[in-house]
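In: can you look at this prediction? I've put the sequence above it.
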2 protein chains.
Amino acid sequence: MTDLPEMASGMLGDATQGVPGAHIRDVFKRYGEAHSAGDVDAILALFADDAVVRDPANAPEHRGKSALRAFFEAGIEASGGPIAMTLEGNVRIAGNEGAAAYIVRTINSSPVFRVDTLDVMTFNEQGLIAQMIAYWGPENFQQEG
Amino acid sequence: MTDLPEMASGMLGDATQGVPGAHIRDVFKRYGEAHSAGDVDAILALFADDAVVRDPANAPEHRGKSALRAFFEAGIEASGGPIAMTLEGNVRIAGNEGAAAYIVRTINSSPVFRVDTLDVMTFNEQGLIAQMIAYWGPENFQQEG
């Protein structure tokens, strides 16, 4: 990690505490990979038992692993199967929270849609996702083929 | 806007209500431009009078325009002047919330630092920023020159 300039050390406070940044980056990568594989068990393994998800941010929340399982399975079914989900840019890390943009493509639909999404994840002390809020909406869809 | 596939219309609910997406995108663009110009008045004009900012997300909040003015002025001073702040990728929009990644470069510092940041803004009915949370930390700094 780069030595920080004075402006950063003054603003950051205790930002260096908490869940290791390398772990947060890895979870974001694995979250995209698990979606791309359509592997709901692998998705759920990243979450705490009582995790809360709002996906998108202005939709009702899903709380707890059985609700999350139903939500992710329904998403895969509605997309005609797995989606391709890749990070766009670096994961931003503030203490025990991470945020990153994704580009999602439906694989099995015709036409193919690209959806620009962005997830903010809050991690618990065990490094599991305690809360995830996903930002995307109708204006983030583009038809590709 | 693209006609939405079934998966989207099922998940999105009332996501098409609220502040126009074009306005949210414009505020994200203007926020970066105002920072790049070092124009604190232009930054503050985007915020509601009682707006709350956490920048970064794990720092104490700043509430209200006079607190925000002091915060943004201190940031510019600590950076040796204006920073260059450009969007990375599209703005994601979920109802009255927008989220987007930025790439920030210190202009007047030696060495130059690149900082990857990401802001989530919540808008009020007047289209002003009611809350902004910025995600970045020590691991998002890169020394460039």
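Out: Here it is on my side, so go on.
In: for the spatially most central residue of chain A, which non-adjacent residue is closest in space?
Out: In chain A, the residue lying closest to the centroid (C-alpha atoms, centre = their mean) is residue A:119, at 4.2 Å. Spatially, and ignoring its direct neighbours in sequence, residue A:119 is nearest to residue A:134 (5.1 Å; C-beta to C-beta, 6 or more residues apart in numbering or on different chains). (Glycine included, C-beta is placed from N, CA and C.)
In: list the beta-bridge partners for the residue nearest to the centre of chain A.
Out: residue A:100, residue A:134 (DSSP bridges).
In: returning to what we had before: now do the contacts for the residue nearest to residue A:119.
Out: A:53, A:54, A:55, A:56, A:57, A:117, A:118, A:119, A:120, B:94 (C-beta atoms under 8 Å, 6 or more residues apart in numbering or on different chains).
In: try 6 Å
Out: A:55, A:56, A:117, A:119 (C-beta atoms under 6 Å, 6 or more residues apart in numbering or on different chains).
In: how close does the residue nearest to the first one when sequence neighbours are not counted sit to residue B:144?
Out: In space, residue A:55 comes closest to residue A:134 once its chain neighbours are excluded; the distance is 3.8 Å by C-beta to C-beta, 6+ apart. Relative to residue B:144, residue A:134 is positioned 31 Å away (C-beta to C-beta, to the nearest Å).
In: and the contacts of residue A:134, which of them are in strands?
Out: Of the contacts of residue A:134, the ones assigned to strands by DSSP state E are A:117, A:119.
In: helix, strand, or coil at residue A:108?
Out: coil (DSSP: H, G, I helix; E, B strand; the rest coil).
In: could I get the pLDDT score of it?
Out: Listed pLDDT for residue A:108 reads 85.
In: ditto for residue A:14
Out: Confidence score, pLDDT, at residue A:14: 50.
In: so for stretch A:31-46, what's the average pLDDT?
Out: 98.
In: ranges for the strands of chain A?
Out: A:47-54, A:62-63, A:83-94, A:97-106, A:113-123, A:129-135, A:141-143.
In: distance to residue B:67 added to the ones you listed, as a markdown table?
Out: Converted to a markdown table, the strands of chain A look like this (distance: least, C-beta to C-beta, whole Å):
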| stretch | distance to residue B:67 |
| --- | --- |
| strand A:47-54 | 28 |
| strand A:62-63 | 34 |
| strand A:83-94 | 19 |
| strand A:97-106 | 22 |
| strand A:113-123 | 24 |
| strand A:129-135 | 25 |
| strand A:141-143 | 38 |
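In: residue B:112: which of the ones you listed is closest?
Out: Across these, residue B:112 has its closest neighbour in strand A:83-94 (17.4 Å, C-beta to C-beta).
In: can I get that closest one in CSV, CA atoms only?
Out: Below are the C-alpha coordinates for strand A:83-94, written out as CSV (Å, rounded to 0.1, in the frame of the first residue of the first chain):
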residue,chain,number,x,y,z
ILE,A,83,-25.6,-14.1,-15.8
ALA,A,84,-22.0,-12.9,-16.5
MET,A,85,-21.0,-10.5,-13.7
THR,A,86,-17.6,-8.8,-13.8
LEU,A,87,-16.1,-6.0,-11.7
GLU,A,88,-15.8,-2.6,-13.4
GLY,A,89,-12.9,-0.8,-11.7
ASN,A,90,-11.3,-1.3,-8.3
VAL,A,91,-13.2,-2.2,-5.1
ARG,A,92,-13.4,0.9,-2.9
ILE,A,93,-12.8,0.1,0.8
ALA,A,94,-13.8,2.1,3.8
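In: and that strand with strand B:129-135, angle?
Out: Angle of strand A:83-94 versus strand B:129-135, following axes from the mean of the first three to the mean of the last three C-alpha atoms, to 10 degrees, is 90 degrees.
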